[in-house]
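*Asks:* coords please:
(one chain, ligands or ions: 1)
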Amino acid sequence: MDEQRISSVLQEERTFAPSREFSERALISSSKSLAKLAKSAEQDVVTFWEERAKELAWFKPWKKAFTWKHPHAQWFVGGSTNLSMNCLDRHLADARRNKAAIIWEGEHGEQRTLTYHQLHREVCKASNMLRSLGVVAGDVVAIYMGMVPEAAIAMLACARIGAVHNVIFGGFSSAALRERMNDSKAKVLITQDGAIRRGETSGLKAAADEALLKCKSVKHVVVLRHSGDSVAMKARRDVWWHERMETVTAECEPESLSSEHPLFILYTSGSTGKPKGILHTTGGYMTQVAYTSKVVFDLHDEDVYFCTADIGWITGHSYVVYGPLLNGATIVMYEGAPNWPDAGRFWDIIERHGVTIFYTAPTAIRSFMKWGDQWPRDYDLSSLRLLGTVGEPINPEAWMWYHTVIGGERCPIVDTWWQTETGAIMISPVPGATVTKPGTATKPLPGIQIDVVRKDGTSCKPNEGGLLVVKHPWPSMLRTVYGDDKRYVETYWSEFPQSKSHPGWYFTGDGARKDTSGNIWIIGRVDDVVNVSGHRLGTAEIESALVSHPAVAEAAVVARPDTVKGQALVAFVTVKATHARADTKKLAALLREHVAREIGQIARPDDIHFAEALPKTRSGKIMRRLLREIVTGAVATGDTTTLEDAAVLERLR
Ligand code: WT7
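*Replies:* Numbers count the residues shown, from 1 in each chain. I've put the predicted structure just below:
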C-alpha cells in the first residue's frame, strides 16, 4: 500500500457542505433525513430494498425478498419483471412520453434526439430483429460497438426479450473480442462498420471478422452502418441493421422474466490471466441501479445528465443507460474523444445542451487540468449543478480543480465508489445531505453495509489501513463468474468465509481506511490488479500476452504512479536465448504493439525493461512486490529472505 498517499490524505481537512439552494430542492435534503434513512435500512436491510423495488413495475410480485445460501444471493424471488419495460414503457403514459431520452452527438458534430416514445419504438424493432435471427430468452448476444444510440438500443432490446448481453468495449482487439465471445458462447454479435474517435475510424466489423474465424457459437452478425466504410458481408451470416429493421414491426411486448433471470455478462480483469465474466441478473440490479441513480445524482425531470463513460464498461451500463432511463431522465451520449476537435469539446457539449449533471473519471479530470483552465473558462458552464467522479481515488488537487473551475464552487461533488461486481454505487456522498472532503467517497449508501477490517476479521481502528469488505449481500451484486462458480467463490468469498459470527463477507480487493468521522478513504488494490486511466487491468493478463510473443521467456508487469493516468504499466521481460541478440529498442516497440493487438491499446505497457532474470522465490514465484519497489523508487524494506538469488535484484536496480 502506498504510504505516501495515506499520509497526504490524512492532512485533508477541508470540508464542503452543500449550499442551501442545492439542499432545499434535493430529493434527500439534509444530513438528518439521510441518517434517518440509513438507520431504517440498518435495522431491516431487506425491507429497505423491498420498498425500493416497489417503486418499479413488476408483472408478478415476489414471494421472498431475499435468500442466501453462502455465497449465493437471490433477490425478489418469485417476482417477475422486465428492465426494458421499466426503462421505457413505464414512461409512455405521462409527459415523459415526448421527453428526450437520449441526446446523441457524434464526433463530427451530427446530432440525434430520441424521445422515450421513439426509443421505445426502436427497441421494440430491435427486439423483433433479434428474434428474427433466432434469439430467445437466455441466449447470449455480444455487442461490440462504439458510443452510438444503437448500442443502448441493442442492450435494451436484449433485456426486453430476456437475451443476455455481453458488451465488449470497442477499444478491445479482435483477440480479446474472440475470447469474450467464446467464453460466453455468444449466439449473435451486433457491431458496426467503423467507430469514430479522435478523427479516425476503427474498423470494428473488420476486427469482428478476424475474431469470428475461431468462434463457432456465433451464427449471425448484425452490422450497423455508421462510419460508411465499406465492409465485407458474409452471406447467410451477416445482416445489415437498417435492412433487418425494415422487415420487422414496432410491436413487441416485454417478456415477463423472473427476477433472477440473467441480464448481462461483463468481462473484467482479475489477478489471474483470464478475464472474468461478471454475471448480473434482473430484479436486484434494476432496483439498486434505479435507486442509486436517483439519490446520488439527485435526478429531477428537468435535468440533463451527461456521463462520459463508454458503454463497454460497467459505468456505461449502469449510469449511461439503465439508471438514468429507469428514472425517466434525459441523457447526453457523446461518441468521441474529449479533445476532438479541441480540448473544449466537453464544455461545448455542456453549454449547448444545458447539461446539469456531469459524471466523469479522475484521470479525465487530470487531463483537463493539463490542457489548461482556458478551455472550460471559454464556455458557459452555469447550467451545471452537480458533479460526479468514479473509477479510482481522486487526488485532492484534482478534486479542488473540479470544484472550482468546472463546478464554479457551487456544485456538490459525488465521489462514487463501486465495482463491476457491485453493479451499482455502494459508497458515495448524497449531494443534498453529505459534507464532503476532497479524496473520500465518504460513507456507504443506505442499505449497504461496508467495513474496513483486518485479516482476522476484526474492525480496524480509525485511520488504520485494512481490507474493504461488504458485510451484507446487496441487490445488484454479481451472482457468479459466468461458467466458473468456483472462481467466484474463491475470488470474493474465501477471504472472509461464513463463520459463527457472520454469514460470510464479500472481499472487494481494495485496501482502505476509515477516518474518525467514518469516511472511507480507498487506498487502492491489494491484489495484482492495476488501474490505468480508470480501466481495471490484471497484470497477469498483460504478462500472458507478453509471453505469447515468440521472443519472450518470462514477463512481470507492475504499475508506477502516473500524474494523468493514475498508474502506468511497467513490464520486466526476459528474452529467449534464440532472441538474445535482438535490438532491444525495436523489440520493446514490437512487444508494446503485440500487447495492444492481444488485448487493446489500453493495455499497452508504458515502459519495457529487459532483464537477465526476474527476482523469484525459491519456489519459482516472481516477486512482483520487489519490482514494484524498484519502479516506485521506494526503498526495498520488505522481506527478501525468500529471494532465490539476491544478485538478480541488485542488477535490476
Ligand atoms: C475498482 C473497480 C465502478 C466503475 C468504474 C471502475 C476503483 C472505483 C472508485 C472511487 C476509489 C475507486 C476501486 C475498485 N474505484 N471507484 N470512487 N474511489 N477507487 O470499475 O473496473 O470494476 O474497477 O475501481 O479500486 O475496486 P471497475
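
*Asks:* can you name the residues of the protein that neighbour the ligand?
*Replies:* 268, 314-315, 390-393, 415-420, 441, 508-510, 522, 525, 531, 536 (CB under 6 Å from any ligand atom). Just so you know, the C-beta spots here come from the backbone N, C-alpha and C atoms, and that holds for glycine as well.

*Asks:* could you redo the last one with a cut-off of 8 Å?
*Replies:* For the chain, the contact set with the ligand under CB under 8 Å from any ligand atom comprises 268-269, 309, 313-315, 361-362, 389-394, 415-422, 425, 427-428, 441, 508-510, 522, 524-525, 529, 531, 534-536.

*Asks:* and the closest residue in space to Ile365 that isn't next to it in sequence, what is it in contact with?
*Replies:* Excluding the flanking residues, the one nearest Ile365 by CB to CB, 6 or more residues apart in numbering is Ala398, at 4.7 Å. Shown in contact with Ala398 (CB atoms under 8 Å, 6 or more residues apart in numbering): 362, 365-366, 369.

*Asks:* and which of these is nearest to Glu543?
*Replies:* Nearest to Glu543 among those, counting by CB to CB, is Pro362 at 26.1 Å.

*Asks:* what sits against that closest one?
*Replies:* By CB under 8 Å, 6+ apart, the neighbours of Pro362 are 389, 391-395, 398, 534, 566.

*Asks:* redo that, cut-off 7 Å
*Replies:* 389, 391-392, 394, 398, 534, 566 (CB atoms under 7 Å, 6 or more residues apart in numbering).

*Asks:* ramachandran angles for Val470?
*Replies:* phi -110, psi 130 (degrees, to the nearest 10).

*Asks:* give me the neighbour count for the closest residue to it other than its chain neighbours.
*Replies:* The shortest distance from Val470 to any non-neighbouring residue, by CB to CB, 6+ apart, is to Tyr506 (4.2 Å). Close neighbours of Tyr506, defined as other CB atoms under 10 Å, add up to 24.

*Asks:* wait, what's in contact with Tyr506?
*Replies:* Tyr506 neighbours (CB under 7 Å, 6+ apart): 469-470, 492-493.

*Asks:* using a markdown table, lay out these together with neighbour count.
*Replies:* A markdown table is the format used below for the contacts of Tyr506 (neighbours: other CB atoms under 10 Å):
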| residue | neighbour count |
| --- | --- |
| Val469 | 23 |
| Val470 | 22 |
| Tyr492 | 24 |
| Trp493 | 17 |
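
*Asks:* out of those, list just those in helices.
*Replies:* Using DSSP state H, the members of those that fall within helices are 492-493.

*Asks:* and of the contacts of Tyr506, the nearest to Asp378?
*Replies:* Val470 (43.3 Å).

*Asks:* my guess is that closest one contacts Asp451, does it?
*Replies:* No - between Val470 and Asp451 there is no contact under CB atoms under 7 Å: 8.3 Å.

*Asks:* how close does Ile265 sit to Ala186?
*Replies:* Here Ile265 is placed at a distance of 9 Å from Ala186 (CB to CB, to the nearest Å).

*Asks:* anything in contact with each of those two?
*Replies:* By CB under 7 Å, 6+ apart, Ile265 and Ala186 have these common neighbours: 140, 166.

*Asks:* in a strand, Gln522, correct?
*Replies:* For the record, residue 522 is Ile, not Gln. Yes - assessed by DSSP: H, G, I helix; E, B strand; the rest coil, Ile522 belongs to a strand.

*Asks:* how about the nearest residue to the residue minimising distance to the centre of the chain, chain neighbours excluded?
*Replies:* Centroid-nearest residue in the chain: Ile314, 3.2 Å away (criterion: CA atoms, centre = their mean). Once flanking residues are discounted, Ile314 sits nearest to Thr420: 4.2 Å by CB to CB, 6+ apart.

*Asks:* okay, now that neighbour: neighbour count?
*Replies:* Neighbourhood size, Thr420 [other CB under 10 Å]: 19.

*Asks:* likewise for Pro71?
*Replies:* The tally of other residues near Pro71 (other CB under 10 Å) stands at 21.

*Asks:* renumber starting at 19 from here on
*Replies:* Fine by me, first position is 19 from now on; the one you just mentioned is Pro89.

*Asks:* got the phi and psi for it?
*Replies:* Dihedral angles for Pro89 - degrees, to the nearest 10 - are phi -100, psi 50.

*Asks:* does it touch Thr509 like I think?
*Replies:* No - between Pro89 and Thr509 there is no contact under CB under 7 Å: 10.4 Å.

*Asks:* what segments of the stretch 519-668 of the chain are helices?
*Replies:* Under the criterion DSSP state H, counting those that start in this stretch, the stretch 519-668 of the chain contains helices at 557-565, 602-616, 642-650, 664-670.

*Asks:* now the weakest link among those, please, by mean pLDDT.
*Replies:* Lowest mean pLDDT within these: helix 664-670, a mean of 80.

*Asks:* point me to the residue of the stretch 369-518 of the chain nearest the ligand.
*Replies:* Residue nearest to the ligand within the stretch 369-518 of the chain (CB to the nearest ligand atom): Thr438, separated by 3.4 Å.

*Asks:* ok, that residue touching Tyr285?
*Replies:* No - the pair Thr438 / Tyr285 is not scored as a contact, 8.6 Å apart, by CB under 7 Å.

*Asks:* shared neighbours of the two, anything?
*Replies:* Shared contacts of Thr438 and Tyr285, counting by CB under 7 Å, 6+ apart, come down to nothing at all.

*Asks:* tell me which residue of the protein is furthest from the middle?
*Replies:* Residue farthest from the centre of the chain, counting by CA atoms, centre = their mean, is Arg599 at 42.2 Å.

*Asks:* got the phi/psi numbers for that one?
*Replies:* phi -90, psi 0.

*Asks:* ok, now Glu123?
*Replies:* phi -130, psi 130.
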